[in-house]
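Colleague: coordinates only, sequence not included:
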């Protein structure tokens, strides 16, 4: 935190994530409340938000590896700010439709893919490989703080201004994040292009590296299962809380802020827990211990039981952050510098590729079986996501390795 450049990245992350957390609540509420969307449309909106991982997930890594990561982060932040700004403008003009939301969600999602690939690839350059766990922990901590404050701010703002106008705050957060990142002074060397750059060859190289590596393959497959069922769960969670529990925007914001509290606790304890449990075992133990707690939500009824269910969601967030900090550090440590972008993009493509499907399945399941049954399905699937990591070398690896470790060679 004494490093000025890391401090600027930390502050930019805080503002960008604050805007993103507000989107998480406000965008579906624009559909549910303002446009009176049905369950399938809400699920489709979630799918559009995450479809970028399927559309550009693999090429993004190859492209980012040819560019300065800092420049990619700045330009995508500013572009996302402009895209979000169109929603309140369209609302005030009387032009806002569900198709407008789908379009903005898709554009925002594609830009987010490029931002996230560059972000993950930039951290080893900025802090050095010896500081990856600490750097990831600090950035996870600020993301967790915004997970608390974002929904906590979004609930009252939606109640006061309406969901479309609340997205102005998200747009401002993204823009300020991009402007702060321009102050980072440490520059990367511009990647030297190959004599005959070939996009398909570069994509294949990234895919081969990740899918043949026993540890990287296990982490992305575990993530893919977890994310598929998490999105099914989240898609119907807002519908369940708003329509079956009778919570308004403020109450939903409090529940989501509780998840942020769990994430903050996870970020603050991630390094200590990983050291005590082991860097590898913590990756599969975290979902096995915390995901079953999400089954408390479909048990809930209006009243005090919602508070108990919210504690279960906080436990999910705690375990998720502990896992992601350890997992991200493994992925970065095991990847050579010239493959960081492609590793990140491939991991995101495999891990997030099922998210649009999860949104559609969540909406379809909610329409056929109801929101409560869909929450049960999501809780079961998230718990089973521990299996790929448990059945890999991560079961016994206690220390963070490096890309030259012969035991973990692909």
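Modeller: Happy to help now that I have it. Small disclaimer: the values here were computed from a predicted structure and weren't measured. Numbering: from 1, shown residues only.

Colleague: CA atoms for contacts and neighbours, from now on please.
Modeller: OK.

Colleague: so after the lowest-mean-pLDDT helix or strand in the chain, what's the next helix or strand?
Modeller: One helix or strand of the chain scores below all others by mean pLDDT, DSSP states H and E: helix 132-161, with a mean of 69. Using DSSP states H and E, the helix or strand that directly follows helix 132-161 along the chain is helix 163-181.

Colleague: mean confidence (pLDDT) on the helix or strand just after that next one, please.
Modeller: Per DSSP H and E, helix 163-181 leads on to helix 199-212 as the next helix or strand towards the C-terminus. Taken as a whole, helix 199-212 carries a mean pLDDT of 83.

Colleague: for whichever helix or strand comes after helix 199-212, packing partners?
Modeller: Next along the chain after helix 199-212, taking DSSP H and E as the criterion, comes helix 214-239. For helix 214-239, the packing partners by 3 or more Cα pairs under 8 Å, 6 or more residues apart in numbering; DSSP states H and E come out as helix 39-50, helix 199-212, helix 340-352, helix 355-369, helix 371-384, helix 387-390.

Colleague: residue 67 is nearest to which of those helices?
Modeller: Among the helices and strands packed on helix 214-239, helix 340-352 comes nearest to residue 67, with 9.8 Å by Cα to Cα.

Colleague: where does this structure have low pLDDT?
Modeller: 1, 129-130, 133, 143-152, 154-155, 159, 189-197, 249, 400-410 (pLDDT under 70).

Colleague: list the residues that contact the residue nearest to residue 295 when sequence neighbours are not counted.
Modeller: Spatially, and ignoring its direct neighbours in sequence, residue 295 is nearest to residue 379 (5.7 Å; Cα to Cα, 6 or more residues apart in numbering). By Cα atoms under 8 Å, 6 or more residues apart in numbering, residue 379 lies in contact with 229, 230, 233, 291, 292, 294, 295.

Colleague: distance check, the nearest residue to residue 27 once chain neighbours are set aside against residue 169.
Modeller: For residue 27, ignoring the flanking residues on the chain, the nearest one in space by Cα to Cα, 6+ apart is residue 163 at 7.1 Å. Per Cα to Cα, to the nearest Å, residue 163 is found 11 Å from residue 169.

Colleague: kindly report the same for residue 358.
Modeller: Counting by Cα to Cα, the gap from residue 358 to residue 169 is 28 Å.

Colleague: repeat for residue 364
Modeller: Residue 364 is 31 Å from residue 169, by Cα to Cα.

Colleague: which residues are contacting the host helix or strand of residue 290?
Modeller: Following DSSP H and E, one finds residue 290 within helix 281-290. Contacts to helix 281-290, defined as Cα under 8 Å, 6+ apart, come from residues 273-274, 312, 315-316, 318-320, 322-324, 326-327, 382-387, 389-390, 394-398.

Colleague: can you select the buried ones from the residues you listed in PyMOL?
Modeller: If you want just the buried ones from the contacts of helix 281-290 in PyMOL, going by 16 or more other Cα atoms under 10 Å, the selection is:
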select buried, resi 274+312+315+316+318+319+320+322+323+324+326+327+382+383+384+385+386+387+389+390+394+395+398
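
Colleague: sorry, back to before: who's more crowded, residue 163 and residue 169?
Modeller: Ranked by neighbour count (other Cα atoms under 10 Å), residue 163 and residue 169 place residue 163 first, with 28 against 21.

Colleague: hmm, the more buried one is touching residue 22, no?
Modeller: No: between residue 163 and residue 22 no contact is recorded; they are 9.7 Å apart, counting by Cα atoms under 8 Å.

Colleague: contacting residues around residue 113?
Modeller: By Cα under 8 Å, 6+ apart, the contact set of residue 113 is 52, 53, 56, 57, 60, 345.

Colleague: just checking, next helix/strand downstream of the helix holding residue 290?
Modeller: Following helix 281-290 toward the C-terminus (DSSP H and E): helix 296-299.

Colleague: by contact count, what packs against that following helix?
Modeller: Under the contact criterion of 3+ Cα pairs under 8 Å, 6+ apart, helix 296-299 touches helix 305-333, helix 371-384.

Colleague: quick one, which of these gets closest to residue 267.
Modeller: Evaluated over the helices and strands packed on helix 296-299, closeness to residue 267 peaks at helix 305-333, with 6.0 Å, by Cα to Cα.

Colleague: now for the closest one, which elements pack on it?
Modeller: helix 132-161, helix 249-277, helix 281-290, helix 296-299.

Colleague: got the buried residues for the second one?
Modeller: Right, the one you point to is helix 249-277. 249-271, 274.
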